[in-house]
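Student: need the 3D shape of this:
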Amino acid sequence: MKGLDQASIMGMELMAAVVVWAGIGWLVDGWLGTTPWALVIGALIGNAAGLYLVFLRGNQMEGYRDLPKAKDLVQAARDRQIHGR
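Tutor: Alright, predicted model coming up:
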């Protein structure tokens with residue numbers, strides 16, 4: 001996919017995550033009578049989930065596939081610490 005396609009998908013994933021989680025919070029508020037706290041918490045969870053999806057999608061884009069994995073970075077840091085390099 002090209003850049004504009006990716007950006008559209010990222011935006012829709014972010015919006016969908018926020019709307020879905022805020023909706024779940026709204027339903028919980030109606031069930032427990034805790035207005036608006038579950039809605040706020042649901043929106044925050046949705047925002048975090050949406051940003052994580054955008055992060056994952058961004059890493060899949062061309063040019064980012066060659067980045068080192070986190071476990072490789074940790075192993076390199078341990079090697080430097082052990083061998084004093």
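Student: low-confidence bits of the chain, can you list those?
Tutor: 1-3, 62-68, 84-85 (pLDDT under 70).
Student: how many neighbours does Ile45 have?
Tutor: 17 (other CB atoms under 10 Å). Yep, even glycine has a C-beta here, placed from its N, CA and C like the rest.
Student: so it touches Trp21, yeah?
Tutor: Yes - taking CB atoms under 8 Å as the definition, Ile45 is a contact partner of Trp21 at 4.8 Å.
Student: give me the most central residue, the protein.
Tutor: Tyr52 (0.7 Å; CA atoms, centre = their mean).
Student: got the contact list for that one?
Tutor: Listed by CB atoms under 8 Å, 6 or more residues apart in numbering, the contact set of Tyr52 is empty.
Student: which SS class is it?
Tutor: Following DSSP: H, G, I helix; E, B strand; the rest coil, we place Tyr52 in the helix state.
Student: show me where this structure has its helices.
Tutor: Counting by DSSP state H, the chain has helices at residues 3-32, 37-60, 70-83.
Student: can you point out the buried residues in the second one?
Tutor: I take that to be helix 37-60. By 16 or more other CB atoms under 10 Å, the buried positions in helix 37-60 come out as Ala38, Leu39, Ile41, Gly42, Ala43, Ile45, Gly46, Ala49, Gly50, Leu53, Val54, Arg57.
Student: grab the nearest non-local neighbour of the fourth one.
Tutor: The one in question is Gly42. Gly25 (2.4 Å; CB to CB, 6 or more residues apart in numbering).
Student: touching, that neighbour and Ala38? I think so.
Tutor: Yes - when contacts are counted by CB under 8 Å, Gly25 is listed as touching Ala38 (4.2 Å).
Student: how near is Asp29 to Ile41?
Tutor: Separation of Asp29 from Ile41 (CB to CB, to the nearest Å): 10 Å.
Student: so what sits against both of those two?
Tutor: Common neighbours of Asp29 and Ile41 (CB under 8 Å, 6+ apart) do not exist.
Student: spit out the contact partners of Leu32.
Tutor: Ala38.
Student: cool, thanks, talk later.
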